[in-house]
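[1] Everything below, folded, please.
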Amino acid sequence: MREALDVPSLRDDSLADSVGAVRRSTARPLVLLVEECAVSRALLVRSARGSADLLCAGGLEEGMELVRGHVVGGVITSFALRSHPEGGVVLARAVARRSPGVPVAMVVRQSDAATVNRVISLGATVLCQPFAARHLRPFLDRLTARATGFERLAAIVSAVAEEWELRPRERELLVFLLAGTDREQICARAGYGTATYKTHVNRLLARAGCARTSDLVVQLLRRSVGDAQPVSR
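    Coordinates of the predicted model:
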C-alpha cells in the first residue's frame with residue numbers, strides 16, 4: 001500500500017478549519033533543491049529563485065544533511081537519485097516528518113504511468129522531462145499560498161462559498177485551485193472523476209463570471225487584499 005505524504009483533509013464542512021490545518025510561515029519560503037543533472041538544476045534555479053530562497057544539493061546524502069540542519073518550506077527533487085531509485089521520496093518523507101504538508105515537486109526522467117502515479121499519490125507536482133519553467137508554476141503557487149495568504153483566503157473562500165451556496169465538494173475544489181493544485185492532482189487526491197471535476201469547475205466559473213480557473217483565482221486573490229469588487233453570482 002502506498003504511503004502518502006501528510007496532506008490535511010479538506011472534506012470537513014468548516015473550510016477555515018481545513019485550510020488552517022496546513023502549517024504556514026510568513027517568511028519567504030526556503031526550498032530544498034536536489035537535482036543531479038546540471039541542466040535541469042539550472043532551469044529549476046532560474047524558475048524558482050524569484051519565489052523562494054534555495055538550498056541546493058547534488059545528491060541524496062547532501063540533501064538529507066540539509067534537511068537535518070534546516071526547516072524548509074518546500075522541496076524540488078528528482079524522483080530517482082543515483083544512490084536510491086526513489087531518493088526523492090525518501091527526501092520528501094524526511095522533510096514531511098519535520099514539516100507536514102510541505103509542497104513537493106519531483107522531476108521524473110521516464111514518464112511511465114507507474115512512476116507518475118507514484119509521484120501524484122504523494123501529493124507532489126510532477127515535472128516530466130523535458131519540462132519548461134511554466135510546469136513548475138503549480139508548485140510555486142502552492143508555496144506562495146502556504147507562506148503568505150491562507151489565513152485571509154480561508155475567510156474569503158468561506159464568504160464566497162456562502163454567497164454562491166456552494167456544495168461541500170465545490171468548496172473543497174476552490175481551496176485546491178487557490179493552492180495552485182493542477183487538475184490531475186486534484187482528481188487523484190480528492191477522488192474526482194474527470195466529468196465531476198469539469199462540472200464543479202464550470203459551476204464555479206459561471207458563478208464568478210470567469211472564463212478560466214486562473215481568472216477565478218486572480219479575482220479571489222484580489223478580493224483577499226481588498227482590491228476587487230464583490231464577486232459575481
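[2] Leaving out the residues flanking it, which one is nearest to residue 87?
    Excluding its sequence neighbours, the residue lying closest to residue 87 (CB to CB, 6 or more residues apart in numbering) is residue 81, at 3.0 Å. (C-beta placed from N, C-alpha, C; glycine too.)
[3] Looking at per-residue confidence, what score does the one you found get?
    Note on residue 81: pLDDT of 94.
[4] next one: residue 91
    Looking at residue 91, its pLDDT is 94.
[5] quick one: contacts for residue 76?
    Contact analysis of residue 76 by CB atoms under 8 Å, 6 or more residues apart in numbering lists 31-35, 44, 48, 104-107, 136, 139.
[6] hang on, I meant residue 29
    Residue 29 makes contact with 51-53, 72-74, 143-144, 146-147, according to CB under 8 Å, 6+ apart.
[7] tell me the domain boundaries of this protein?
    The record's domain parsing of the chain by automatic domain parsing lists 25-147, 149-224.
[8] Check whether the residue nearest to the spatial centre of the chain sits in a helix, strand or coil.
    For the chain, residue 142 is the residue whose C-alpha lies nearest the centre (CA atoms, centre = their mean; 4.0 Å). Look at residue 142: counting by DSSP: H, G, I helix; E, B strand; the rest coil, its state is helix.
[9] and what of the one 4 residues further on?
    Under three-state DSSP, residue 146 falls in the helix class.
[10] same question, residue 55
    Secondary structure assignment for residue 55 (three-state DSSP): strand.
[11] Is it correct that residue 98 is in contact with residue 71?
    Yes. Counting by CB atoms under 8 Å, residue 98 touches residue 71, with 6.3 Å between them.
[12] I figured residue 133 hits residue 46, correct?
    Yes. Between residue 133 and residue 46 there is a contact under CB under 8 Å: 6.9 Å.
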